[in-house]
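# quick one, structure for this:
(chains A and B)
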Amino acid sequence: MTLAKAESAEGGFNIDPMHQFEIKNWVPIDLGFVDLSFTNSAFFAFLAVGLTCLFLWTAMSGSSLVPSRMQSMAEGLYEFVRNMVRDACGDAGLKYFPYIFTVFLFILACNLLGMIPYSFTVTSHFAVTVFLALSVFITVTVIGFMKHGTHFFALFWPMDAPAAMRPVLAIIEVISYFVRPVSHSIRLGANMMAGHAVLKVFGGFVAALGVFGIIPIAAIVGVTALELLVAVIQAYVFTILTCVYLNDALNMH
Amino acid sequence: MEGDIGNLGQYIGAGLACIGMGGAGIGVGHVAGNFLAGALRNPAAAKEQTATLFIGIAFAEALGIFSFLVALLLLFAV
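Below is the predicted model of the structure:
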């Protein structure tokens, strides 16, 4: 087991871009069989949930027919995700809209909280994203079996392909089905982790270059704007892929 | 930098694995470029297809993510 450490050759600065992802144990709680310690990751996950709830409650508390600014923001988010679900899965998918809305808001809040300097990006850890993707995967598979029974296996048996090709395609379909949670989770985690590591590497250039550090600072400003865009797009992509998988389970293809 | 020949192999392998990301770059660029070409010909139909655009980009990107995963496994898990 080796740990890669970034080292700038000339300046002698020791910069570790992965340091920001370190889990710090704030309140150790060890139950013997499971480690339930309250870490900085747990804190920011709770903060994301709390801020999301606070935002929606305050926005919708004095709800009126003519919405205030806050209320129209909340309603805009709601309608955006609702339209996404309806476009991807049809009206049958609206039953599962609360779950998809929750997943979207949680990932969006975690991604955006991570953009604050010195904060912690919960979604940059594969443990979190794998949990999110696996819960989507299991939910969707269970929904598919509940709705279609054993007929759900027809998802892996392409009837419109030539008969000789069907077994080969079936193997590919099965593999691609089980690879879904892998790519679904790693896409989110890797995008968040890579973006934040790039920011820290550029930050190391600022320290190493002295006066000329103004050039990497300008780059950091641009990359930060890009990272804000990526934070929103990755939440969107995670949600729309959840809708696509749900559509496969509900309507087959 | 210290380390033995095994570490050298790890780092070279991780670097080689990152070449796969170039393929993902080509794929994502192809999706986005073709979307733009189609959208400029028929701007009225473009708005409904943005979800399809992101799904296409996500699927093209997935294979680049696998190469990133191989690089990470070589660096941290071997």
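# now for residue A:32, how many residues are close by?
Residue A:32 has 5 neighbours, counted by other Cβ atoms under 10 Å in any protein chain shown. In short, each C-beta sits where N, CA and C put it, glycine included.
# roughly how far does it sit from residue B:26?
Distance of residue A:32 to residue B:26, computed by Cβ to Cβ, to the nearest Å: 52 Å.
# now swap in residue B:48 and tell me
Taking Cβ to Cβ, one finds residue B:48 at 26 Å from residue B:26.
# which one's more surrounded, the two?
Higher neighbour count among residue B:48 and residue B:26: residue B:26, with 12 against 9, using other Cβ under 10 Å.
# check the more buried one and give its pLDDT.
At residue B:26, the model reports a pLDDT of 95.
# cool, and the one 5 residues further on?
Listed pLDDT for residue B:31 reads 94.
# quick check: which element contains it?
Secondary structure assignment for residue B:31, by DSSP states H and E: helix B:19-41.
# any residue of the very next helix or strand once past that helix touching chain A?
Where DSSP H and E defines the elements, the next helix or strand beyond helix B:19-41 is helix B:43-46. No: using Cβ under 8 Å from any Cβ of the partner chain, helix B:43-46 never reaches chain A; the gap is at least 14.1 Å.
# show me the contacts for the closest residue to chain A within chain B.
Closest residue of chain B to chain A, Cβ to the nearest Cβ: residue B:62 (3.9 Å). Residue B:62 is in contact with A:183, A:187, counting by Cβ atoms under 8 Å, 6 or more residues apart in numbering or on different chains.
# let me know the helix or strand that it is in.
Per DSSP H and E: helix B:50-72 holds residue B:62.
# report the distance from that helix to the chain centre.
Offset of helix B:50-72 from its chain centre (Cα atoms, centre = their mean, to the nearest Å): 5 Å.
# and the pLDDT for the residue of chain B closest to chain A?
On pLDDT, residue B:62 comes in at 80.
# residue ranges with poor pLDDT in chain B?
Along chain B, the parts satisfying pLDDT under 70 run over B:1-2.
# interface residues of chain B facing chain A?
Close to chain A, as judged by Cβ under 8 Å from any Cβ, chain B has residues B:1, B:3, B:7, B:10-11, B:48, B:51, B:54-55, B:57-58, B:61-62, B:65-66, B:68-69, B:75-77.
# low-confidence bits of chain A, can you list those?
Residues of chain A meeting the criterion pLDDT under 70: A:1-15, A:253.
# can you point me to the longest helix in chain A?
helix A:166-209 (DSSP state H).
# how long is stretch A:24-39 end to end?
Chord length of stretch A:24-39, first to last residue, is 6 Å (Cα to Cα, to the nearest Å).
# so who does the closest residue to chain B within the stretch 151-253 of chain A touch?
With Cβ to the nearest Cβ, the shortest gap between the stretch 151-253 of chain A and chain B falls at residue A:183, namely 3.9 Å. By Cβ under 8 Å, 6+ apart, the contact set of residue A:183 is B:62, B:65, B:66.
# for residue A:155, same thing?
Going by Cβ under 8 Å, 6+ apart, the list of residues near residue A:155 reads A:144, A:173, A:177, A:248, A:252, A:253.
# top of those residues by neighbour count?
residue A:144 leads the contacts of residue A:155 on contacts (other Cβ under 10 Å) with 20 neighbours.
# the helix or strand where that one lies near chain B at all?
Using DSSP H and E, residue A:144 maps to helix A:126-148. No: Helix A:126-148 is not in contact with chain B by Cβ under 8 Å from any Cβ; minimum separation 9.0 Å.
# which elements pack onto that helix?
Packed against helix A:126-148 by the contact rule (3 or more Cβ pairs under 8 Å, 6 or more residues apart in numbering or on different chains; DSSP states H and E) you find helix A:97-114, helix A:166-209, helix A:214-251.
# please repeat the previous calculation with a cut-off of 10 Å.
If you count contacts as 3 or more Cβ pairs under 10 Å, 6 or more residues apart in numbering or on different chains; DSSP states H and E, helix A:126-148 packs onto helix A:40-61, helix A:97-114, helix A:166-209, helix A:214-251.
# the second one: which residues count as buried?
When you say that, I think you mean helix A:97-114. Within helix A:97-114, the residues that qualify as buried are A:97, A:100-101, A:103-114, counting by 16 or more other Cβ atoms under 10 Å in any protein chain shown.
# could you check the angle it makes with helix A:166-209?
30 degrees (axes from the mean of the first three to the mean of the last three Cα atoms, to 10 degrees).
# residue A:228 contacts residue A:116, correct?
No: Residue A:228 is not in contact with residue A:116 according to Cβ atoms under 10 Å; the separation is 11.1 Å.
# ok, these two, which is more surrounded?
residue A:228 (14 against 10).
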